[in-house]
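Kindly return the folded structure for what I paste below:
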Amino acid sequence: MIKGLLKEAATIDDSGFVFIENIEGFSFYKKIKENNKRFLIVYEADSLQEVNYYNNTIKYITPIEIKSEPAFERNSDLIILLNLKNLGDFNTHEQKIFSIEEDPYYFKKYVLYYSDEEVNLLANKSISDLREVILDRNLFNAYKTNPNYPSLYSFAARFFIKVPFLHVPVNEEEMPSIEVMLKESLLANDLVTFDDNLTKIINDKGDHSKILKEFENE
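As a prediction, the model looks like this:
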């Protein structure tokens, strides 16, 4: 299920990867666009190994078609798909996930974890569906209320964050301007008057002492 979604994401026109081969559970992909070469390795598991296992195994089994490329090690991403029974199990894997993702050797590494409940919610869903989920404001608000509850949004957000060649969808029509976002932040922190006065100081070339005195008294 999740491996299929990732394969779909990798091989659509926007991503441009081509599936090469599956060896011992590791799926290898290659992308060549003009002089830009990139490689993807996907591995699905129910538990995590020490990071050296992935480094050594991949170096040993990588197809010659990919291994012979000089850009292989510096332009490769490993995505480990980790199946958790429940999202609450993440805490027991957190330290190992961190050590894998922070390992600097050979290629970049990402751990995309998901729960059995999320898999059930993903039945018959495509990458296009996940993009729509990310853009759904109601689903986002529900996710904010309880981010640890398994939902389509929780998985979709994690998917787009963890898969390095994907861009998080943005509905530009609904995005407020930077000015509006700044004003909302000021309102939330009771700083509108302060901001207005500061603007006066910046724009007024006259005597600022009176306004500065007001700041001291606020």
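
what's the neighbour count on the nearest residue to Ile134 once chain neighbours are set aside?
Excluding its sequence neighbours, the residue lying closest to Ile134 (CB to CB, 6 or more residues apart in numbering) is Pro169, at 4.7 Å. Any C-beta I mention is one placed from the backbone N, CA and C, and that applies to glycine too. Pro169 is flanked by 13 other residues according to other CB atoms under 10 Å.

likewise Pro150?
Other residues lying near Pro150 total 20 when counted by other CB under 10 Å.

wait, what's in contact with it?
Asn86, Leu87, Ser115, Glu117, Glu118, Leu121 (CB atoms under 8 Å, 6 or more residues apart in numbering).

tell me the contacts of the fifth one?
Taking CB under 8 Å, 6+ apart, we find Glu118 in contact with Leu87, Pro150, Ser151, Leu152, Ser154, Phe155.

can you do 10 Å?
Contact analysis of Glu118 by CB atoms under 10 Å, 6 or more residues apart in numbering lists 1-2, 83-84, 87, 150-152, 154-156, 158-159.

got it, and the third one?
With CB under 10 Å, 6+ apart as the criterion, the residues that contact Ser115 are Asn83, Leu84, Lys85, Asn86, Leu87, Gly88, Asp89, Phe90, Leu121, Pro150, Ser154, Phe155.

Let's see the ChimeraX selection covering just the buried ones among those residues.
Remark: buried members of the contacts of Ser115, expressed as a ChimeraX selection using 16 or more other CB atoms under 10 Å:
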select :83,84,87,121,150,154,155
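
any idea of the pLDDT on the residue nearest to Asp136 when sequence neighbours are not counted?
The shortest distance from Asp136 to any non-neighbouring residue, by CB to CB, 6+ apart, is to Tyr153 (7.4 Å). Note on Tyr153: pLDDT of 91.
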